[in-house]
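>>> here is my input, please return the structure:
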Amino acid sequence: MQPNISSTSSDVELLCFLKEDNSDAFEEIYNKYWPKLYLSAYNLLRDRYAAEDIVQEVLVQLWMKRQSQTIESLNSYLYAAVRFQVFNLIRSGKVREHFFNRIEELSIENTAEDHLYAQDVLKKIDEGLAELPDRCREIFTLSRKDQLSTKEIAARLGIAPKTVENQLTIAIRRLRSTMEHMLFWLLFTVWGMWF
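This next block holds a predicted model:
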């Protein structure tokens, strides 16, 4: 006889059923957590597809490792897994300009202490930008701050779109190494706003 799984089932019950290969328990977890996890990832990344991919990956891994994992709090586990994936995406340099816009919003929204941290992050970005070669800095600024597409930048500067992509890759790689230690703080500060 199949256990009675419903929206009133506790996370502990759902985890027990999940370990018993109960796909209904997984479906209930999926329906309960997917929207919240997606919003958390999206609010930081501002990239619908990246947020969807991250949440899908986390939930698929939950199912794939259902018998080998020991999870005390499903809520904490899922949010930590999504946070980890978001951080990896940020570190990889594949985050769009919305991440940098979000940093600027922090300086307006949060406490005085958060404001100081956000100002430090913005200062570090500016210092990193100042160290870029002129053309690389110009392309990065047009892409991230002015939000122009690769084709628009190429047309404006009279260069090939591939050159724009290469320069953006160089800029992001250099900024990432400059700011790596600050990303931990930023990720946890920004993430905390959605819990």
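>>> now do stretch 127-135: distance to the chain's middle.
From the chain centre to the centre of stretch 127-135 is a distance of 25 Å (CA atoms, centre = their mean, to the nearest Å).
>>> pull out the buried positions in that stretch.
For stretch 127-135, the neighbour count (16 or more other CB atoms under 10 Å) marks 128-129, 132 as buried. To be clear about C-beta, it is placed using only N, CA and C from the backbone, and glycine gets the same treatment.
>>> between the two ends of it, how far is it?
16 Å (CA to CA, to the nearest Å).
>>> what does that stretch contact?
Contact partners of stretch 127-135, identified using CB atoms under 8 Å, 6 or more residues apart in numbering, comprise 137, 140-141, 157, 167, 170-171, 174-175, 178-179.
>>> so where's the protein uncertain?
Residues of the chain meeting the criterion pLDDT under 70: 1-3, 92-119, 121, 177-195.
>>> hang on, the earlier thing: could I get the buried residues of stretch 127-135 as JSON lines with secondary structure and distance to Y30?
Compiled in JSON lines, those are given as follows (DSSP: H, G, I helix; E, B strand; the rest coil; distance: CB to CB, whole Å):
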{"residue": "G128", "secondary structure": "helix", "distance to Y30": "40"}
{"residue": "L129", "secondary structure": "helix", "distance to Y30": "41"}
{"residue": "L132", "secondary structure": "coil", "distance to Y30": "43"}
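>>> out of these, which is nearest to L44?
Of all these, L44 sits closest to G128, with 20.1 Å by CB to CB.
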